[in-house]
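Chemist: fold the following, please.
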Amino acid sequence: MYDGHFEEDNLTPDEAKSQADMLAWHPIMFQVARVLSSTGILKEVKSGRKKGITPETIADKLSIPLYGVKVLLEVSLSIGLTKLMAHNTYTISKMGYFWLLDKQIEINMNYVHHVCYKGMFHLEEAILTNKAAGLKELGPWEKIYEGLSLLDEPIKKSWFDFDHYYSDVAFKKIFPEIFKDNPKMILDVGGNTGKFSIACCEYNKDVKMTIVDLAGQWNRAKKNIDELGLSDRISGHVMDVLIDDPVYPKNADIVWMSQFLDCFSEEEIVHIISNASKSMHENSALYIMELFWDRQSHPVPAYCLHGTSIYFTAMANGNSKMYHSEDMRQCVEKAGLKVVKDVQVENGYHTLYRCELA
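Modeler: Modelled structure (predicted):
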């Protein structure tokens, strides 16, 4: 939960100026760190262990010009990825170790570089126009969702790796809550590649799933579903949830929305929830699972979520973000529902709202 750390400003003037000075160079330093990984240079530094390794040895082993190895390693000292030892040898630092080997950091790095980096040049235009002005760097779409299945590699892989990493870890944690009333039919709104629906069918042998999504996403999900032999239990309902009068399948015991509503503006969220709720009966529940920046127990996850908000601004749609939990609650209430259960998922990052008809 939010602990008030955004209220604090404990830096001395000198510390504050130093932070601001370094911020001006962050985009360049990020690329240095990425290239140290992609070229294998940082891996070679790690292999040198405590004894260290010289730039000459690395250049020779990787067939990279010595100039390039030297300049990257020198800059890595200021970043904090390496340490310079006696006899001009480099060893890896604690930060360098995590940058090289931590899966979450690798996923974030690839996502920022492949999906977001070029488009950020257009951020100011996106802010002033409420349009995803940076998306033109990836393709000719108004919103990224239209082109997810058409993205070039490695952009597509980086996008889906990022999306799945931050949802898959939570699914098993919330299944006891989702299945406590033995639902027979679950509507998976924004089901994307079908991972949640597939996981539900693996968890419960009787449940039937319907995925609501755009045609491109459903076609990708259907392929995964068919390969697993689950086409008799998971069906698709192709639809744009933003059309004026969307028709959802009726009599859903549960309507599920996981990391989906952050893809829309507050007005669009109200539209989606109010229309999806028409598929509910009096005993149904609508579940929303989201990463709320104010619910993070540490500054780093909140920092990552704020960065993700800018992806939505410049690259995805121009009008959504990672939300404050109370903003989402207000959207639920405006849509004619009420939050009856508010659960902090065990992984510490996600929040699960159980909503019912008001």
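Chemist: looking at Leu228 now. What's its pLDDT?
Modeler: With respect to pLDDT, Leu228 scores 95.
Chemist: er, Lys156 actually
Modeler: At Lys156, pLDDT is 96.
Chemist: cool, Gly4 as well?
Modeler: The predicted local confidence for Gly4 is 58.
Chemist: measure Glu125 to His114 for me?
Modeler: Distance, Glu125 to His114, using Cβ to Cβ, to the nearest Å: 21 Å. For the C-beta atoms, the positions are set from N, CA and C on the backbone; glycine is no exception.
Chemist: these two: which is more packed in?
Modeler: His114 (21 against 14; other Cβ atoms under 10 Å).
Chemist: list the contacts of the nearest residue to that one once chain neighbours are set aside.
Modeler: Closest residue to His114 apart from its sequence neighbours, by Cβ to Cβ, 6 or more residues apart in numbering: Ser158 at 4.0 Å. By Cβ atoms under 8 Å, 6 or more residues apart in numbering, the contact set of Ser158 is Ile107, Asn110, Tyr111, His113, His114, Val115.
Chemist: including pLDDT, could these go into a markdown table?
Modeler: Formatted as a markdown table, the contacts of Ser158 follow (pLDDT from 0 to 100):
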| residue | pLDDT |
| --- | --- |
| Ile107 | 97 |
| Asn110 | 98 |
| Tyr111 | 97 |
| His113 | 98 |
| His114 | 98 |
| Val115 | 97 |
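Chemist: name the SS class of Ser320, please.
Modeler: coil (DSSP: H, G, I helix; E, B strand; the rest coil).
Chemist: residue contacts, it?
Modeler: Asp262, Cys263, Phe264, Ser265, Glu268, Phe312.
Chemist: cutoff 6 Å now
Modeler: Asp262, Cys263, Phe264, Ser265, Phe312 (Cβ atoms under 6 Å, 6 or more residues apart in numbering).
Chemist: with Asn110 instead?
Modeler: Ser158.
Chemist: how near is it to Lys103?
Modeler: 11 Å.
Chemist: cool, Leu84 as well?
Modeler: For Leu84, the distance to Lys103 - Cβ to Cβ - is 28 Å.
Chemist: common neighbours of Asn110 and Lys103, please.
Modeler: Contact criterion Cβ under 6 Å, 6+ apart; residues shared by Asn110 and Lys103: none found.
Chemist: quick check: domain ranges of this structure?
Modeler: 5-101, 109-357 (automatic domain parsing).
Chemist: just the ones you listed: most buried one?
Modeler: Greatest average neighbour count among those goes to domain 109-357 (a mean of 18), per mean count of other Cβ atoms under 10 Å.
Chemist: let's verify Ala285: helix, strand, or coil?
Modeler: With three-state DSSP as the criterion, Ala285 reads strand.
Chemist: nope, Asp253 is what I was after
Modeler: Classification of Asp253 by three-state DSSP places it in strand.
Chemist: got the contact list for it?
Modeler: By Cβ under 6 Å, 6+ apart, Asp253 lies in contact with Pro183, Lys184, Met185, Ser284.
Chemist: at 7 Å instead, please
Modeler: Residues counted as contacts of Asp253 (Cβ atoms under 7 Å, 6 or more residues apart in numbering) are Pro183, Lys184, Met185, Ile186, Ser284.
Chemist: and the helices in this protein?
Modeler: Ranges of helices in the chain, per DSSP state H, are 13-23, 26-38, 41-47, 55-62, 66-79, 94-101, 103-110, 123-129, 155-178, 195-203, 215-227, 266-276, 299-311, 325-334.
Chemist: is it possible to export those to JSON lines including distance to Pro140?
Modeler: Shown next, in JSON lines, are the helices of the chain (distance: least, Cβ to Cβ, whole Å):
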{"stretch": "helix 13-23", "distance to Pro140": "33"}
{"stretch": "helix 26-38", "distance to Pro140": "26"}
{"stretch": "helix 41-47", "distance to Pro140": "36"}
{"stretch": "helix 55-62", "distance to Pro140": "38"}
{"stretch": "helix 66-79", "distance to Pro140": "35"}
{"stretch": "helix 94-101", "distance to Pro140": "35"}
{"stretch": "helix 103-110", "distance to Pro140": "23"}
{"stretch": "helix 123-129", "distance to Pro140": "16"}
{"stretch": "helix 155-178", "distance to Pro140": "14"}
{"stretch": "helix 195-203", "distance to Pro140": "28"}
{"stretch": "helix 215-227", "distance to Pro140": "14"}
{"stretch": "helix 266-276", "distance to Pro140": "22"}
{"stretch": "helix 299-311", "distance to Pro140": "19"}
{"stretch": "helix 325-334", "distance to Pro140": "31"}
